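Student: pasting a predicted model and its sequence here:
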Amino acid sequence: MGSVIISYKIFPTDITVKFDELKKKIEASLPEFATVYGYGEEPIAFGLNALICAIKIPEDKTGVLDELEKRFEQISEISQVQTLMVRRTSR
């Protein structure tokens, strides 16, 4: 069975948000079947960076996109979450 990788662009509330701490909170908020596939950063403007987060889930799970976005939005350091890409992988 394959997996689905969902890439999110996560906007912090402020330029002072530490991404290491934010990553820990994101990982703690994930359901048991989801894992972090990787992280990246993208400069936005004036010292503000967005965190790019790829989450790997089993392809047989449904309704996960909305559930993950809601969980992320409950983290106080996150101002906005944008889904960038959803793709299937055989690994």
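Tutor: Right, received. Where do you want to start?
Student: backbone dihedrals for Leu65, please?
Tutor: Leu65 has phi and psi values of phi -60, psi -50 when expressed as degrees, to the nearest 10.
Student: hmm, it is touching Met85, no?
Tutor: No - here Leu65 lies out of contact with Met85, judged by CB atoms under 8 Å, at a distance of 11.4 Å. Any C-beta I mention is one placed from the backbone N, CA and C, and that applies to glycine too.
Student: what's in contact with the lowest-mean-pLDDT helix or strand in the chain?
Tutor: Within the chain, confidence by mean pLDDT, DSSP states H and E is lowest for helix 64-73 among all helices and strands, at a mean of 88. Surrounding helix 64-73, the residues in contact under the criterion CB atoms under 8 Å, 6 or more residues apart in numbering are 4, 6, 8, 10, 26, 29-31, 34, 55, 57, 78, 81, 83, 86.
Student: what's the closest of these to Leu48?
Tutor: Comparing the contacts of helix 64-73 against Leu48 with CB to CB picks out Ile10 as the nearest, at 12.0 Å.
Student: what is the neighbour count of the closest residue in space to the closest one that isn't next to it in sequence?
Tutor: Take Ile10 and drop its neighbours on the chain: the residue closest to it by CB to CB, 6 or more residues apart in numbering is Leu51, 4.4 Å away. One way to gauge burial is a neighbour count; for Leu51, by other CB atoms under 10 Å, it gives 21.
Student: same deal with the one 5 residues further on?
Tutor: Under the neighbour criterion other CB under 10 Å, Lys56 is assigned a count of 16.
Student: residues contacting the closest residue in space to it that isn't next to it in sequence?
Tutor: Spatial nearest neighbour of Lys56, chain neighbours left out: Tyr37 (4.2 Å); criterion: CB to CB, 6+ apart. Residues near Tyr37 by CB under 8 Å, 6+ apart: Ile5, Ala54, Ile55, Lys56.
Student: doesn't the last one belong to a strand?
Tutor: Yes - when DSSP: H, G, I helix; E, B strand; the rest coil is applied, Lys56 is found to be in a strand.
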